[in-house]
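*Asks:* pasting the structure only:
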């Protein structure tokens, strides 16, 4: 099953909730804020060592992330600001969860090893950079929905690790850190390629080369 197929199935499952909330006139931004509240509370639960319960709140927050966009489209009120706010608050929720995990790891009996500390920090930094790279690329006018570890995959992996317990969580955080770093690299390479192609196209359109190998517009040799 591809990621697109999974999202389609999830949207079908959540369709009754979308229809009900739309009929009630619930603003999409309210669902967005409710998702953030769930994420922040879930992060506190994780910090207290209740990892499985934290996974439940993380998944519920993720469902809200799907619902708000679908409600906005259903009601015809989708906006750029709504997308901006949703994306910004998603980062807040992610940061809170990684913070909760780190707090728990440091304060659990035996504390956290340097390895665990580094893995959590790398996973956090790479997760934020993955989203930043896409936002920055799209700000330049380039589509950048590429890479093996997007937000939905990160949430699913993180929830799985929380459900399986601390030792499994450390393993999954390691996988998350590596794949998120790789995704950042994929996006950098992608933007490099499309921007270079764009630049070459602009150079070609900038002037017509004469038969003698000179640029007809300015008389300088092309290199």
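*Replies:* Cool, got the structure. Because the structure is predicted, anything quoted here is derived from the model rather than measured.
*Asks:* Need the residue closest to the centroid of this protein.
*Replies:* Averaging the C-alpha coordinates of the chain gives a centre point, and the residue nearest to it by C-alpha atoms, centre = their mean is residue 151 (3.3 Å).
*Asks:* which one is that one nearest to, not counting chain neighbours?
*Replies:* Once its chain neighbours are removed from consideration, residue 151 has its nearest residue in residue 90; the separation is 6.6 Å (C-beta to C-beta, 6 or more residues apart in numbering). The way it works is simple: take the backbone N, C-alpha and C, and place the C-beta from them, glycine included.
*Asks:* Looks to me like the one you found is in a helix.
*Replies:* Yes - assessed by DSSP: H, G, I helix; E, B strand; the rest coil, residue 90 belongs to a helix.
*Asks:* Could I get the buried residue list for the helix or strand hosting residue 8?
*Replies:* With elements taken from DSSP states H and E, the one containing residue 8 is helix 3-23. Along helix 3-23, the positions that meet the burial threshold by neighbour count (16 or more other C-beta atoms under 10 Å) are 14, 18, 21-22.
*Asks:* returning to that earlier point: residues contacting the residue nearest to the centre of the chain?
*Replies:* 65, 90, 94, 130-131 (C-beta atoms under 8 Å, 6 or more residues apart in numbering).
*Asks:* one step back: helices and strands around the helix holding residue 8, which ones?
*Replies:* Taking 3 or more C-beta pairs under 8 Å, 6 or more residues apart in numbering; DSSP states H and E as the contact definition, the neighbouring helices and strands of helix 3-23 are helix 51-75, helix 151-164.
*Asks:* CSV please, covering those helices and showing distance to residue 99 and mean pLDDT.
*Replies:* Supplementary listing: the helices and strands packed on helix 3-23 in CSV, determined by distance: least, C-beta to C-beta, whole Å; pLDDT from 0 to 100:
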stretch, distance to residue 99, mean pLDDT
helix 51-75, 12, 91
helix 151-164, 13, 92
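*Asks:* May I see these organised as TSV, with distance to residue 135 added?
*Replies:* TSV is the format used below for those (distance: least, C-beta to C-beta, whole Å):
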stretch	distance to residue 135
helix 51-75	16
helix 151-164	12
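*Asks:* after the lowest-mean-pLDDT helix or strand in the chain, next one along is what?
*Replies:* Using mean pLDDT, DSSP states H and E, the weakest-scoring helix or strand in the chain turns out to be helix 3-23, at a mean of 77. Once the chain leaves helix 3-23, the next helix or strand it forms, by DSSP H and E, is helix 28-47.
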